[in-house]
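Peer 1: predicted model, plus sequence, below.
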Amino acid sequence: MLARKMRCNSQDKLETGQLRHRIMSTISATSAYSAYSGYTYSSSTSGKTSTTTSGTSTTSTLSSATNVTLSASARAALAAKSFAEIIAETRVSLTELLEKADSDSPYKDGELAVNLSGFDRRELYAIAGNTDGTFTADEIKAAAEELSLRFDQAMAGANAVYNVTGNIEKLYTEALTFLEAASPEEQKTEAWATKHTAVKKALASLEASPDTWPDVDNDPVIDYLARVKAGTAGTERDFASVANDARAALDAQIAEAEAAGKELVFSKYRKSGIQADFSDFSSRSLSAIVLNEGEQFSESEIRAAKDEMSSRARQVLLSCISSANSSSSPTSLAENIISAYGSLSSEERAAVGWGEDFYSAALTNYKSASYIASMFETDATSETSFWSF
């Protein structure tokens, strides 16, 4: 089976048969909001009219760049709050963000002008769902785009693995994991229920026929693949804007340290001063500092950001190894690494040093492990079986 899966390739599948028809039908049916049609929220209460227009639909930012990594205590604190509290606090936070951008809208000239990566998923849903009419139409749109982007980014790793292995089930398992991580309020919506039902039906279909694409309505995986094919999935926010945000965030820390009569320092070996805190920086923001394309960061800032990126990369690789150790599949480690590689933006890969050689090594490892495993899976009575030697 593994040897057969090696011959599967997503591009072949996208161009042939039922899947191609379904994807093309999805593309032709997408609206002007196709950038986030895969995971859109509509409010039962229409949003307030913004003083500015949204302009062209664009999406914001990265899988790992927008993957907000909250501590267990922070997640518990958010979960303990009522949704009314979440809405009120999110309104305040969003207003402050817009004031810093000197704007009444998240958009400027049709482009997203603010970074929503610091908002928790429950907070984003509070904006996108807009259950009490607190947020403007532009704010609702921006939050919906961010939620859609996070779905795309969650799917990117599984899609990278699918491109190599042809493993359809992994795509749906990843979609289910994303859906079931939603807040209780989000899970009560018709949009969530529709997609959750579709994914559960697809997984049931795959259990009966693992190599046949499920044919279910409102399939978020098919929608995602359609956007991949159209080149609109996981569209990143302009990298220069990400760099500007990172510069502003560091400047704020520098100003805070100076206000306390201290210096912001970027080396863990410095005993005096206040250590720079990168914990709230997304991986893409760190990449903007490391790559320093606009030459607006100092050597010490670049070095510290690079250290943080390296630390995060080590944690990812350790997680890949740990997961593989608990798996019975000999290809698990290679698949985990391919998934991790696929989930990163090109800037993140460059910043952390994961180039084509890194990916090629993982791919070679997968092919070797898959070939060896196939020898054991061959019928033991066959003359070509490993056991016939």
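Peer 2: Okay, I see it. Residues are numbered from 1 along each chain as shown.
Peer 1: contacts and neighbour counts: CA atoms only from here.
Peer 2: Fine.
Peer 1: for the stretch 251-389 of the chain, which segments are assigned as strands?
Peer 2: 264-265, 274-275 (DSSP state E, counting those that start in this stretch).
Peer 1: now the last one: average pLDDT?
Peer 2: Throughout strand 274-275, pLDDT has a mean value of 94.
Peer 1: out of the strands of the stretch 251-389 of the chain, which comes closest to E174?
Peer 2: Proximity to E174 (C-alpha to C-alpha) singles out strand 274-275 among the strands of the stretch 251-389 of the chain, at 36.9 Å.
Peer 1: for that closest one, packing partners?
Peer 2: With contacts defined as 3 or more C-alpha pairs under 8 Å, 6 or more residues apart in numbering; DSSP states H and E, the packing partners of strand 274-275 are strand 264-265.
Peer 1: not counting the stretch of helix or strand E185 belongs to itself, show me its contacts.
Peer 2: For E185, the host element (DSSP states H and E) is helix 184-187. Outside helix 184-187, the residues within contact range by C-alpha atoms under 8 Å, 6 or more residues apart in numbering are F83, R122, Y125, E180, W192, A193.
Peer 1: which SSE is immediately downstream of it?
Peer 2: Note on helix 184-187: by DSSP H and E, the next helix or strand toward the C-terminus is helix 190-208.
Peer 1: in that next one, what counts as buried?
Peer 2: W192, K195, H196, T197, A198, V199, K200, K201, A202, L203, S205, L206 (16 or more other C-alpha atoms under 10 Å).
Peer 1: need these in JSON lines (columns: distance to E293 and pLDDT).
Peer 2: Formatted as JSON lines, the buried residues of helix 190-208 follow (distance: C-alpha to C-alpha, whole Å; pLDDT from 0 to 100):
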{"residue": "W192", "distance to E293": "40", "pLDDT": "95"}
{"residue": "K195", "distance to E293": "40", "pLDDT": "96"}
{"residue": "H196", "distance to E293": "41", "pLDDT": "97"}
{"residue": "T197", "distance to E293": "45", "pLDDT": "97"}
{"residue": "A198", "distance to E293": "43", "pLDDT": "97"}
{"residue": "V199", "distance to E293": "41", "pLDDT": "98"}
{"residue": "K200", "distance to E293": "44", "pLDDT": "98"}
{"residue": "K201", "distance to E293": "46", "pLDDT": "97"}
{"residue": "A202", "distance to E293": "44", "pLDDT": "97"}
{"residue": "L203", "distance to E293": "44", "pLDDT": "97"}
{"residue": "S205", "distance to E293": "48", "pLDDT": "96"}
{"residue": "L206", "distance to E293": "45", "pLDDT": "96"}
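Peer 1: need these in TSV (columns: distance to T232).
Peer 2: Output for the buried residues of helix 190-208, formatted as TSV (distance: C-alpha to C-alpha, whole Å):
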residue	distance to T232
W192	22
K195	20
H196	23
T197	25
A198	22
V199	22
K200	25
K201	26
A202	24
L203	25
S205	28
L206	27
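Peer 1: mind giving me the packing neighbours of the helix or strand where A84 lies?
Peer 2: Applying DSSP H and E as the criterion places A84 in helix 83-100. Judged by 3+ C-alpha pairs under 8 Å, 6+ apart, helix 83-100 is in contact with helix 121-129.
Peer 1: after the helix it packs on, which helix or strand is next? Please name it.
Peer 2: Of the helices and strands lying after helix 121-129 in sequence (DSSP H and E), the nearest is helix 137-165.
Peer 1: run through the chain and note the low-pLDDT ranges.
Peer 2: Across the chain, the ranges flagged by pLDDT under 70 are 1-79, 377-389.
Peer 1: okay, domains of it per the record?
Peer 2: 43-230, 239-376 (automatic domain parsing).
Peer 1: tell me the most buried of the ones you listed?
Peer 2: Greatest average neighbour count among these goes to domain 43-230 (a mean of 19), per mean count of other C-alpha atoms under 10 Å.
Peer 1: need the helices for the stretch 251-389 of the chain, in chain order.
Peer 2: Counting by DSSP state H, counting those that start in this stretch, the stretch 251-389 of the chain has helices at residues 283-291, 299-325, 332-342, 346-352, 356-377.
Peer 1: including distance to A101, could those helices go into JSON lines?
Peer 2: Listed next are the helices of the stretch 251-389 of the chain as JSON lines, based on distance: least, C-alpha to C-alpha, whole Å:
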{"stretch": "helix 283-291", "distance to A101": "17"}
{"stretch": "helix 299-325", "distance to A101": "23"}
{"stretch": "helix 332-342", "distance to A101": "32"}
{"stretch": "helix 346-352", "distance to A101": "24"}
{"stretch": "helix 356-377", "distance to A101": "37"}
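Peer 1: the nearest residue in space to I168 that is not next to it in sequence and S360: what is the separation?
Peer 2: Of all residues not flanking I168 in the chain, Y162 sits nearest, at 6.5 Å (C-alpha to C-alpha, 6 or more residues apart in numbering). From Y162 across to S360, the span is 16 Å (C-alpha to C-alpha, to the nearest Å).
Peer 1: try D307
Peer 2: 25 Å.
Peer 1: what of S300?
Peer 2: 32 Å.
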